[in-house]
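A.B. asks: Curious how this folds, go ahead:
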Amino acid sequence: MSTTPDTGERLPLACPSCSPGEPTVHEIVKPGGQSTVRCTECGHVRKERVEKPREIAVDVVVSQDGESLSTTVDAPAEERVEVGDEFIVDTPEALMQVRITAIEVGPERRVDEARMDDVETVWTRVVDNVTVNVTVHPNDGRRDESRSLKMQVPGDYEFTVGAVESVAGEEFEVDGIHVRADADGYRFDKFDHDGDVVFAKDVKRVYGRDTTTAAWSAW
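C.D. replies: From the prediction side, this is the model:
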């Protein structure tokens, strides 16, 4: 079932004046069977039959740095979602961009994709600001004295193999990057060639070699 949008709502529609092939944002000027709509790009006003798809409330679990919170979002009932999709969640704590890590359609039953009206819970993790795990090796190759660090960076921050990064007053050269299983668009799950780039939100772990000028200390 669909509903008629209210005055002031915005919807994506093709504009016969400035964008007949691609949708632009239109504002509802006057709702009705034939709603009056205005293109926000060029200002063209016309009558058009506009309906909103039926929406349902979906439970969403948001994880960040080992902590989770539960909320609900409104989504079109017939929309299909899949693991790896990203969307915005508005909670009392913050407005966050999240990525779907699992879709639950029944007790202990998870799938890679589903229609929203079949979904019980969407499991997600925050990707607009992330904490990246880093393993740094001494520059003399003593792997038994490697140590772990954490970097807090924007999700679209780029880690590049061969680049020098700094955290907590220390520097290291990136020599390997492991990619998360839910990341899309990468040919491999590990990168170790100079110039290879991975976005922070897609990183499982960064490996680096210590370049701090001071002598290495396990402490």
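
A.B. asks: Distance check, Gly32 against Pro20.
C.D. replies: Separation of Gly32 from Pro20 (Cβ to Cβ, to the nearest Å): 23 Å. C-betas here are computed from N, CA, C, even on glycine.

A.B. asks: ignore the last one, Ile56
C.D. replies: Counting by Cβ to Cβ, the gap between Ile56 and Pro20 amounts to 32 Å.

A.B. asks: Same question for Gly106.
C.D. replies: 43 Å.

A.B. asks: more crowded one of these two?
C.D. replies: With neighbours defined as other Cβ atoms under 10 Å, Gly106 and Pro20 compare such that Gly106 has more, 11 against 8.

A.B. asks: The more buried one contacts Thr121, doesn't it?
C.D. replies: No: using Cβ atoms under 8 Å as the test, Gly106 is too far from Thr121 to be in contact (10.0 Å).

A.B. asks: show me what contacts Cys18?
C.D. replies: Contacts for Cys18 were tallied using Cβ atoms under 8 Å, 6 or more residues apart in numbering; they are Thr24, Cys39, Glu41, Cys42, His44.

A.B. asks: ok, what's across the strand from Gly208?
C.D. replies: Taking DSSP bridges as the rule, Gly208 bridges to Val136, Val174.

A.B. asks: surely it meets Ile177?
C.D. replies: No: in terms of Cβ under 8 Å, Gly208 does not count as a neighbour of Ile177; the distance is 9.5 Å.

A.B. asks: Need the residues touching each of the two.
C.D. replies: Residues touching both Gly208 and Ile177 (Cβ under 8 Å, 6+ apart): none.

A.B. asks: While we're on Ala214, how confident is the model there?
C.D. replies: For Ala214, the pLDDT comes out at 49.

A.B. asks: now swap in Val126 and tell me
C.D. replies: 96.

A.B. asks: leaving aside the residues next to it on the chain, what's closest to it?
C.D. replies: For Val126, ignoring the flanking residues on the chain, the nearest one in space by Cβ to Cβ, 6 or more residues apart in numbering is Gln64 at 4.1 Å.

A.B. asks: quick check: domain ranges of the chain?
C.D. replies: Domains of the chain are assigned by automatic domain parsing as 2-53, 55-127, 130-210.

A.B. asks: Look up phi and psi at the residue nearest to Glu86 when sequence neighbours are not counted.
C.D. replies: Distance criterion Cβ to Cβ, 6+ apart; nearest residue to Glu86, sequence neighbours excluded, is Arg99 at 4.8 Å. In terms of degrees, to the nearest 10, the main-chain angles of Arg99 are phi -120, psi 140.

A.B. asks: which residues touch Arg99?
C.D. replies: Listed by Cβ under 8 Å, 6+ apart, the contact partners of Arg99 are Gly84, Asp85, Glu86, Thr124, Arg125, Val127, Asp182, Lys201.
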